[in-house]
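*Asks:* okay, predicted coordinates and the sequence, questions at the end:
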Amino acid sequence: MDTTPLRTDAVTLHGVSKHYGQVHAVRGLDLEIPRGRTVALLGPNGAGKSTTVGMLLGLLAPDAGTVAVGGLPPRTAVARGLIAAMLQDCGPMPGVTVAELVTLGRRLYPRPLAVGEALELAGLTAVARRRVDRLSGGQVQRLKFALVAVGNPDTMVLDEPTRALDVQGRREFWTAMRGYAATGRTIVFATHYLDEVEENADRVVVMARGTVVADGTATQIRALAGRATVRFRLSDPPARPPRGWLGAGSVDIRGDLVTLGTADPDATVRALAAGPLAWRDLSVVPPSLDESFLQLTAPAAAAAAAAPALEAAR
Ligand SMILES: Nc1ncnc2c1ncn2[C@@H]1O[C@H](COP(=O)(O)OP(=O)(O)OP(=O)(O)O)[C@@H](O)[C@H]1O
């Protein structure tokens, strides 16, 4: 009988630290992930993402703090098939077919899916009889995904799942992953690709130097970088626009092209639309996630506590 408490978060880390000798890889990490969310762990090299993933899976023990998966110690959760991971750099064994390998993998789990269902989720039905050493790079990644999905875990952890895949391979991989997330499962993935975060995560946890420096939706993280850009053309732009013109923090006019930097692009566009100006070619560019990420994780931002951690997405 499954005695897992259903109301617990999928994952909780409280005050977690981990050292490797002198290296303080994770420092006082607090993170709670409710069930059913898709959460990205984003951070530069060495931020502590893989170490965090390792502790979630019971592969590494924290030096301090507590880690729980579905309210249970990670090793217990792994043994019960509640959490499973697709890690970096582990290739499938050659010489067997896709379906054979997934059938074999299925035996490891206490409450697996049917093989056909896992292959379907991974988009591999058409190559079920192909030998695994004849798959494309993208298909290999989806095979690894199928080997995790067949275990039917509540929480799936993916460490840089699309590293080295081309655009098409990445797209197909995320289509498969979103199919699994849509069944109400929790997905935690570490990545360096900001566009994947935008498209696939409903919450982004930005890590740097072993701790969380920001936590929110991609939109909220982007907003931390500050200003959006509102751009339009005016036949007769003002030579000296008044301070705070149209609610903008900065104004740049080149010929008939006006570029405004604004913390509230909606208010700026409303002011523009309500005013007398004969504008045309309007465009609004949101603050960039790249810029925000760089600001949040720059060594100069070392006082991690100084960066606001957004709680709203929890
Ligand atoms: N087995 C280990 N022995 C010694 N130091 C380690 C070990 N594993 C990780 N580290 C160090 O701990 C820190 C955090 O590493 P970790 O791999 O968790 O970061 P990461 O965010 O996953 O990085 P990446 O994006 O490069 O995979 C780094 O300084 C790394 O060099």
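*Replies:* Received the coordinates, thanks. Residues are numbered from 1 along each chain as shown.

*Asks:* how distant is the strand or helix carrying L29 from the center of its chain?
*Replies:* In this assignment (DSSP states H and E), L29 forms part of strand 23-33. Its chain's C-alpha centre and that of strand 23-33 lie 17 Å apart, by C-alpha atoms, centre = their mean, to the nearest Å.

*Asks:* partner strands of it, with direction?
*Replies:* strand 11-20 (antiparallel) (DSSP bridges).

*Asks:* okay, buried residues for the strand it pairs with please.
*Replies:* For strand 11-20, a neighbour-count test (16 or more other C-beta atoms under 10 Å) marks 11-13, 16-18 as buried. Heads up, the C-betas are built off the backbone N, CA and C, glycines and all.

*Asks:* would you point out the most distant pair within these?
*Replies:* V11 and S17 (16.9 Å; C-beta to C-beta).

*Asks:* how about the strands in the stretch 201-314 of the chain?
*Replies:* In the stretch 201-314 of the chain, the segments counted as strands under DSSP state E, counting those that start in this stretch are 203-208, 211-216, 228-234, 250-254, 257-262, 279-285.

*Asks:* parallel or antiparallel, which strands does the last one pair with?
*Replies:* So the one you mean is strand 279-285. Here, using DSSP bridges, strand 279-285 pairs with strand 228-234 (antiparallel).

*Asks:* likewise for the first one?
*Replies:* Under the criterion DSSP bridges, strand 203-208 sits next to strand 38-42 (parallel), strand 211-216 (antiparallel) in its sheet.

*Asks:* show me what contacts D63?
*Replies:* By C-beta atoms under 8 Å, 6 or more residues apart in numbering, D63 lies in contact with 17-19.

*Asks:* try A122
*Replies:* Contacts here follow C-beta under 8 Å, 6+ apart; on that basis A122 touches 142-143, 145-146, 149, 176.

*Asks:* next one: the closest residue to it other than its chain neighbours from M86, what distance?
*Replies:* Leaving out its chain neighbours, the residue that sits closest to A122 by C-beta to C-beta, 6 or more residues apart in numbering is A146, at 3.7 Å. According to C-beta to C-beta, to the nearest Å, A146 and M86 sit 10 Å apart.

*Asks:* same thing with P286?
*Replies:* 31 Å.

*Asks:* so for the two, which sits in the more crowded spot?
*Replies:* M86 (20 against 14; other C-beta atoms under 10 Å).

*Asks:* got a pLDDT number for the more buried one?
*Replies:* The pLDDT attached to M86 in the predicted structure is 81.

*Asks:* could you tell me which residues make contact with it?
*Replies:* 144-145, 147-148, 156-159, 161.

*Asks:* who wins on neighbours among these?
*Replies:* Greatest neighbour count in the contacts of M86, by other C-beta under 10 Å, goes to P161: 27 neighbours.

*Asks:* does it touch L143 like I think?
*Replies:* No - in this structure P161 lies outside contact range of L143 using C-beta atoms under 8 Å: 11.8 Å.

*Asks:* poorly predicted segments of the stretch 51-200 of the chain, please.
*Replies:* Applying pLDDT under 70 to the stretch 51-200 of the chain flags residues 87-93.

*Asks:* now the strands for it?
*Replies:* 64-69, 83-86, 155-159, 186-191.
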